[in-house]
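1. Have a look; sequence and predicted model below, questions after that.
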Amino acid sequence: MATSLSERSQRVVTRHEFTLIIASSFGALLEWYDFYIYAALAGTFGILFFPSGNDTVAFLASLATFGAGFLVRPLGALFFGRLGDRIGRKYTFMATIVLMGVATIGVGLLPSFEKIGMMAPVLLVALRLLQGFALGGETGGAATYLAEHSPADRRGFYTSSLQTTATLGLLASIGAVSISRASMNEAAFQSWGWRLPFLVSIVLLAISVYLRTRLAESPTFREMKQGNRLSESPIGESFGQWNNLKYVLIMLFSTASGVGVVFGTGHFYSMYFLQNTLKVAPNSVNLFLAIALIGVFPFYLLFGWLSDRIGRKWIMMLACLLLAATTQPIFHALTHYANPQLEAFQKSAPVTVRANDCRFSLFSAPVTECDRIRSFLSASGVSYDRAPLQAGQTASTEIGSIVVHGSDKRELEKALIASGWSARADPSKVDAPMVVFLMWLLLLYLAMVYGPMAAFMVELFPARIRYTSLSLPFHLGSGWFGGMLPFVVSAMAVARGNVYFGLWYPIVIAIVSFAVGALFVPETYRRDITQ
């Protein structure tokens, strides 16, 4: 008699099946590597691919372009999710990896703004959209594939290995960028060296395609196909029937949105904050993040394993609660340990901008005196208050006891320096162990929610529409709430004039995620996923 799927779910995977799981995870690793190279080079891309004249606008534009790749991921989730539920997990895997690789290589070959003008940012956005579209089909397929090969009592542990690929991909991208920077001077890197990490994908893509051609189809999918139990309309069943749609909505507003903001805060915004607000050297930030990533790596597996014993729900919900409670203290502490000179300056020399013509525009050059002053202060990592002008006065900036009239950058910088500000964090005053610890703590929250996440998603939905059902809410939550987080947080900080103000965005989302999850998310770790 053939072994049933229920019986198969109780045994340990064979060596051959485990090899297949590793092969599929390597492909996911490559896709995350490709996607994250841009994050590691956001500052460089702001210079190379957008109009010059306003560093703050260029940086925000580069973050928005990064976020654009996340925004399109739900479309990829629908497209590839339907394919995965109709024609199989294996073939969908192949399509996503090739599409991602081609788009990444295209970015590495793209001419700069200086060479082709506005076509540069247009093509960059198009390639980022293509990357995001491909990634939209990867996570759901990989999670489904791994879970359907895993024994029931180790499902969380086995699928947590997939979740480490996002961290490993980010780590690999940081390593590639750091090695490229270290092997040449800055002028050469800005000219052509930044392309090398993208072009490395050619070799990695060839390896991934080879590995994926050797993958066997999921046993669950094979048996559904043989039994003629495949869904005729995965999208219609997933989102047109309330019994399934309610779990899509619950997942979106609890675990998916929660993992999005935990992910965006720990993986991305901490890096941007250190580099662009606290002015820590990029190579130092990359090193700190790399150490924190290595340190948190085993905790993905630990929380995946733990979720097989005590359940998945409350581990993930606790991560959201901890992020909400500690984000502001952690980022204030980062300032204290990474740039104590900036912290002391802000306390001893409060900054006030007095002007009436203040406007806030994300993607245009500053046109008023107030705009130019605020743009300079934001780019300098300086928080400030605003006050109205009296009739007949001109725009001015009070920096401690010094008053600067007008918006001349040299005069503003001279006043900042005279009041104790520095354009760069002093390396000798950076408390590296504490900075690494704080970054590690943010990443630990991610391991708590991300480690059990793949198994939870798979267990939440029936097998015939699983790929489609879990992919859309995951990418809406992680892509829209999390992918746009660096841009939204940075824009809120610029608009308010306070470097910490934007952090209320992930805090509020995390609170909502915890509340929805605590009330409505079911415990799933004992469910049979073969049905």
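-> Nice, thanks for sending it over. Numbering: from 1, shown residues only.
2. Share the number of residues neighbouring Val516, please.
-> By other Cβ atoms under 10 Å, 21 other residues sit near Val516. Yep, even glycine has a C-beta here, placed from its N, CA and C like the rest.
3. and it, helix, strand or coil?
-> Here Val516 is helix, with the state taken from DSSP: H, G, I helix; E, B strand; the rest coil.
4. Report the contact partners of it.
-> Applying Cβ atoms under 8 Å, 6 or more residues apart in numbering, we find Val516 in contact with 250, 253-254.
5. residues near the closest residue in space to Leu252 that isn't next to it in sequence, how many?
-> Computed as Cβ to Cβ, 6 or more residues apart in numbering, the closest residue to Leu252 that is not its neighbour in sequence is Pro473, at 3.9 Å. By other Cβ under 10 Å, 28 other residues sit near Pro473.
6. residues touching Pro473, list them.
-> So Pro473 contacts 248-249, 251-252, 256 (Cβ under 8 Å, 6+ apart).
7. same check, this time on Lys409
-> Per Cβ under 8 Å, 6+ apart, neighbours of Lys409: 372, 376.
8. Can you check the pLDDT for it?
-> Looking at Lys409, its pLDDT stands at 91.
9. Do a quick rundown of the strands in the stretch 301-450 of the chain.
-> 351-354, 385-387, 396-399, 402-405 (DSSP state E, counting those that start in this stretch).
10. helices and strands around the second one, which ones?
-> Right, the one you point to is strand 385-387. strand 351-354 (3 or more Cβ pairs under 8 Å, 6 or more residues apart in numbering; DSSP states H and E).
11. Give the full set of residues in contact with Tyr445.
-> 262, 266, 319, 322-323.
12. okay, now the closest residue to it other than its chain neighbours: neighbour count?
-> Distance criterion Cβ to Cβ, 6+ apart; nearest residue to Tyr445, sequence neighbours excluded, is Ala319 at 4.5 Å. Number of residues near Ala319 (other Cβ under 10 Å) recorded here: 27.
13. Test my guess that Ala319 contacts Met448.
-> Yes: Ala319 is in contact with Met448 according to Cβ atoms under 8 Å; the separation is 3.7 Å.
14. check contacts around Ala447.
-> Here Ala447 is in contact with 296, 299-300, 302-303 (Cβ under 8 Å, 6+ apart).
15. Can you lay out those as a markdown table showing distance to Ala333 and pLDDT?
-> Converted to a markdown table, the contacts of Ala447 look like this (distance: Cβ to Cβ, whole Å; pLDDT from 0 to 100):
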| residue | distance to Ala333 | pLDDT |
| --- | --- | --- |
| Val296 | 18 | 94 |
| Phe299 | 21 | 96 |
| Tyr300 | 24 | 94 |
| Leu302 | 25 | 96 |
| Phe303 | 24 | 97 |
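16. Which among those residues count as buried?
-> Buried subset of those (neighbour count, 16 or more other Cβ atoms under 10 Å): 296, 299-300, 302-303.
17. Quick check: buried residues in the host helix or strand of Gln131?
-> Taking DSSP states H and E as the definition, one finds Gln131 inside helix 119-135. Using 16+ other Cβ under 10 Å as the test for burial, helix 119-135 gives 120-121, 123-125, 127-135.
18. swap in stretch 283-294?
-> 284-286, 288-293.
19. Run a quick check on Arg372 versus Ser407, I expect a contact.
-> Yes: contact between Arg372 and Ser407 holds when scored by Cβ under 8 Å: they sit 3.8 Å apart.
20. More neighbours: which of those two?
-> Taking other Cβ under 10 Å, Arg372 and Ser407 do not tie; Ser407 has more neighbours (23 against 20).
21. how deep is Pro350 tucked in, by neighbour count?
-> Considering only other Cβ under 10 Å, Pro350 is surrounded by 14 other residues.
22. same question, the one 5 residues further on
-> If you count neighbours by other Cβ under 10 Å, Ala355 ends up with 22.
23. before we move on, what about Cys370?
-> Residues near Cys370, counting by other Cβ under 10 Å: 22.
24. residue contacts, it?
-> Cys370 neighbours (Cβ under 8 Å, 6+ apart): 353, 355-359, 395, 407.
25. Can you tell me which of those are buried?
-> Buried, going by 16+ other Cβ under 10 Å: 353, 355, 358, 395, 407, out of the contacts of Cys370.
26. Report the secondary structure element holding Ala491.
-> Going by DSSP H and E, Ala491 is in helix 485-496.
27. which parts of that helix are buried?
-> 485-494, 496.
28. Averaged pLDDT, that helix. What do you get?
-> 87.
29. Show the low-confidence segments of the stretch 301-450 of the chain, by residue range.
-> Along the stretch 301-450 of the chain, the parts satisfying pLDDT under 70 run over 360-366.
30. all helices of it, in order?
-> 313-338, 340-348, 369-379, 409-418, 432-450 (DSSP state H, counting those that start in this stretch).
31. Let me know the closest of the contacts of Ala447 to Leu171.
-> Val296 (10.3 Å; Cβ to Cβ).
32. Out of the contacts of Tyr445, grab the one that's most surrounded.
-> Val262 (34 neighbours).
33. Number of residues surrounding Ala325?
-> 13.
34. do the one 3 residues further on as well
-> As a burial measure, Gln328 scores 13 neighbours (other Cβ under 10 Å).
35. residues near the nearest residue to Thr159 once chain neighbours are set aside, how many?
-> Nearest residue to Thr159, sequence neighbours excluded (Cβ to Cβ, 6+ apart): Ala454, at 3.8 Å. Residues near Ala454, counting by other Cβ under 10 Å, number 29.
36. And for Asn185?
-> If we define neighbours as other Cβ under 10 Å, then Asn185 has 10 of them.
37. same thing with Pro298?
-> Neighbours of Pro298 (other Cβ under 10 Å): 11.
38. before we move on, back to that, surely the residue nearest to Thr159 meets Thr164?
-> No: judged on Cβ under 8 Å, Ala454 makes no contact with Thr164 at a distance of 10.6 Å.
39. Which neighbours do Ala319 and Met448 have in common?
-> Joint contacts of Ala319 and Met448 (Cβ under 8 Å, 6+ apart) do not exist.
40. quick revisit: quick one: average pLDDT of the helix holding Gln131?
-> 86.
41. so how far is it from its chain's centroid?
-> Relative to its parent chain, helix 119-135 has a centroid offset of 16 Å by Cα atoms, centre = their mean, to the nearest Å.
42. Also stretch 472-489?
-> 8 Å.
43. got the contact list for Met94?
-> 209, 212-213.
44. any idea which element it lies in?
-> Counting by DSSP H and E, Met94 is part of helix 89-108.
45. Okay, now the unreliable bits of the stretch 101-250 of the chain?
-> Using pLDDT under 70, nothing in the stretch 101-250 of the chain is flagged.
46. Please repeat the previous calculation with a cut-off of 80.
-> 166, 212, 214-216 (pLDDT under 80).
47. on that earlier part again, of the helices of the stretch 301-450 of the chain, which approaches Phe70 most closely?
-> Of these, nearest to Phe70 by Cβ to Cβ is helix 432-450, at 15.9 Å.
48. And the contacts of the helix or strand following that closest one?
-> Per DSSP H and E, the first helix or strand lying C-terminal to helix 432-450 is helix 453-460. Helix 453-460 has contacts (Cβ under 8 Å, 6+ apart) with 139-140, 142-144, 146-148, 150, 155-156, 159-160, 162-163, 247, 251, 255, 259, 304, 307-308, 312-313, 316, 466, 469-470, 474, 522, 524-525, 527, 529.
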